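[1] below: sequence and its predicted model.
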Amino acid sequence: MHELSICGAIAGIVTERAGDRRVRTVYLQVGQLRQVVPDTLVYCWTLVTADTALDGSRIAVERIAARITCRTCAATREMGDVPSFLCTACAGTDIDVVAGEEFLITSLELAEA
């Protein structure tokens with residue numbers, strides 16, 4: 001369960017950025033190809049933040065679907081639930097992953113000072 005260590009790293013970044021302000025929500029984007037389970041990440045957040053300055057905050061995960069673009073025919077498509085690195089338009093294998101590898105803290109919702 002690497003989500004626990006990921007939450008620890010996120011907590012460190014959030015604590016540094018928030019300063020003395022209380023954090024309500026941490027917003028993340030997680031790409032489909034990142035091999036991170038969003039529900040597990042949310043659960044681990046409660047474990048990592050218990051009895052800390054982040055206690056009571058929540059983590060909100062936006063899942064980003066994986067998309068590929070074919071270099072041969074320029075078709076773009078979502079990969080779907082079972083990732084396939086094959087162009088469905090021309091059967092080409094010369095593709096670029098254009099979305100789905102994200103792992104970003106996009107914003108923080110902070111309490112008023």
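    Looks like it arrived, so ask away. Residues are numbered from 1 along each chain as shown.

[2] quick one: mean pLDDT for the longest helix seen in the chain?
    Across the chain, the longest stretch assigned as helix under DSSP state H is helix 3-18. Per-residue pLDDT over helix 3-18 has a mean of 96.

[3] how about residues contacting the helix or strand that contains residue 26?
    Using DSSP states H and E, residue 26 sits within strand 23-31. For strand 23-31, the surrounding residues in contact (CB atoms under 8 Å, 6 or more residues apart in numbering) are 10, 14, 36, 38, 41, 45, 53-54, 57-64, 66, 99-111. The C-beta positions use only the backbone N, C-alpha and C, and glycine is treated the same way.

[4] in contact with residue 104, which residues?
    For residue 104, the contact set (CB under 8 Å, 6+ apart) comprises 28, 29.

[5] beta partners for it?
    With DSSP bridges as the criterion, residue 104 is bridged to residue 29.

[6] relative to residue 10, how far out is the one residue sitting closest to the centre of the chain?
    Computing the C-alpha centroid of the chain and ranking residues by CA atoms, centre = their mean puts residue 30 first, at 1.8 Å. Distance from residue 30 to residue 10, counting by CB to CB, to the nearest Å: 11 Å.

[7] and the pLDDT at the residue nearest to residue 102 when sequence neighbours are not counted?
    Ranked by CB to CB, 6 or more residues apart in numbering and with sequence neighbours excluded, the top spatial neighbour of residue 102 is residue 31, at 4.1 Å. pLDDT for residue 31: 96.
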